[in-house]
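Student: After the sequence you'll find the predicted model.
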Amino acid sequence: MNNEETGRFRAALRRYAGAHGGACIRLKAVLFDMDGVMYNSMPYHTAAWHTVMERHGLHLSRGEAYLHEGRTGAATINIVYRRQNGKDAPQELIESIYAEKCGIFSSFPEPDAMPGAWELLQQLRAEGIVPVLVTGSGQKTMLKRILADYPGMFDSAHMVTAFDVKYGKPHPEPYLMGLVKAGGLQPNEAVVVENAPIGVEAGVAAGVFTIAVNTGPLEARVLREAGADYVLPSMPALCEAWKSLRQTMEEERCAR
């Protein structure tokens, strides 16, 4: 990071502290979204959502599907169904549509691990920082795969999925539960890494400093408007900047 970028990050940390009673970040864990952060899977998800919705006479474009990223499948279906029908979708229809969506997604080639993710996780482990997965996904194939693709980085005790929460993103519950699974941490003891506006909203609502990596087609301003404390263009950019980000966090911590 150059001096200008470091200055922007320092200003973001100070804004966060000002909004949270002067709390500086004492980093012990990083809470990661999965799709669009750990995997380049969102093009497949958006295609699957668009296809299954059209089958059922519901209209969800690929572009809108990006905006719903992070919600539970049931919530996404209900939003679209309610918009067209003025009432909630029947539970059996929700289950049917979501099962079809998962089947379509599984028919695509396996999505690639996101460049930069493995290298960043290695840095965190070397620093003694706990990585926690916080995803709205309930697709068991992906949840199993992440354990194999990122060996030694995640385990079931450090994963929050659609099966663990009553309220999905943008509600703060997933990230609040992530803090619990990280060891009962306070919000200023973690950082969220997200790529979706709804996920950003959830991280911010949980009181956690939220870094957005813009791995999809959205304009960076959309992530800032959702409340992201800091925006980077990609996971490789976050990985490359991590050492400088950590140094700046420590400087701000020690200055208080």
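Tutor: All right, it came through fine.
Student: When you work out contacts or count neighbours from here on, use the C-alpha atoms and nothing else.
Tutor: Will do.
Student: Could you give the backbone dihedrals for Y39?
Tutor: phi -130, psi 150 (degrees, to the nearest 10).
Student: contacting residues for it?
Tutor: 111-114 (C-alpha atoms under 8 Å, 6 or more residues apart in numbering).
Student: same check, this time on G128
Tutor: K28.
Student: Could I get the contacts of Y39 in JSON lines, plus columns for pLDDT, secondary structure and distance to H158?
Tutor: As requested, the contacts of Y39 are arranged in JSON lines below (pLDDT from 0 to 100; DSSP: H, G, I helix; E, B strand; the rest coil; distance: C-alpha to C-alpha, whole Å):
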{"residue": "P111", "pLDDT": "89", "secondary structure": "coil", "distance to H158": "22"}
{"residue": "D112", "pLDDT": "92", "secondary structure": "coil", "distance to H158": "22"}
{"residue": "A113", "pLDDT": "94", "secondary structure": "strand", "distance to H158": "19"}
{"residue": "M114", "pLDDT": "96", "secondary structure": "coil", "distance to H158": "20"}
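Student: Just the buried ones from the residues you listed, in PyMOL syntax?
Tutor: In PyMOL, this line selects whichever of these come out buried by 16 or more other C-alpha atoms under 10 Å:
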select buried, resi 111+113+114
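Student: Throw the contacts of Y39 into a markdown table and include distance to N40, thanks.
Tutor: As requested, the contacts of Y39 are arranged in a markdown table below (distance: C-alpha to C-alpha, whole Å):
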| residue | distance to N40 |
| --- | --- |
| P111 | 6 |
| D112 | 6 |
| A113 | 6 |
| M114 | 5 |
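Student: which one of the contacts of Y39 is nearest N2?
Tutor: For these, the closest approach to N2 (C-alpha to C-alpha) belongs to M114, at 24.3 Å.
Student: any idea how far E219 is from the closest residue to that closest one other than its chain neighbours?
Tutor: Spatially, and ignoring its direct neighbours in sequence, M114 is nearest to Y39 (4.6 Å; C-alpha to C-alpha, 6 or more residues apart in numbering). Distance, Y39 to E219, by C-alpha to C-alpha, to the nearest Å: 20 Å.
Student: do the same with E251
Tutor: Per C-alpha to C-alpha, E251 is found 31 Å from E219.
Student: Name the residue in these two with the higher neighbour count.
Tutor: Shown here are E251 and E219; by other C-alpha atoms under 10 Å, E251 has more neighbours (12 against 9).
Student: Confirm that that one sits in a helix.
Tutor: Yes: the assignment for E251 is a helix, going by DSSP: H, G, I helix; E, B strand; the rest coil.
Student: Count the residues that sit near E64.
Tutor: Neighbour number of E64 under other C-alpha under 10 Å is 13.
Student: which residues of the stretch 51-200 of the chain fall in strands?
Tutor: Counting by DSSP state E, counting those that start in this stretch, the stretch 51-200 of the chain has strands at residues 130-134, 159-160, 190-194.
Student: Can you tell me which of the ones you listed is most buried?
Tutor: strand 190-194 (a mean of 28; mean count of other C-alpha atoms under 10 Å).
Student: What is it packed up against?
Tutor: Identification of packing neighbours for strand 190-194 by 3 or more C-alpha pairs under 8 Å, 6 or more residues apart in numbering; DSSP states H and E yields strand 29-32, strand 209-213.
Student: What average pLDDT does that strand get?
Tutor: The predicted model gives strand 190-194 an average pLDDT of 98.
Student: now the angle from it to strand 209-213?
Tutor: With axes from the mean of the first three to the mean of the last three C-alpha atoms, to 10 degrees applied, the angle from strand 190-194 to strand 209-213 works out at 30 degrees.
Student: Each with direction, which strands does strand 190-194 pair with?
Tutor: strand 29-32 (parallel), strand 209-213 (parallel) (DSSP bridges).
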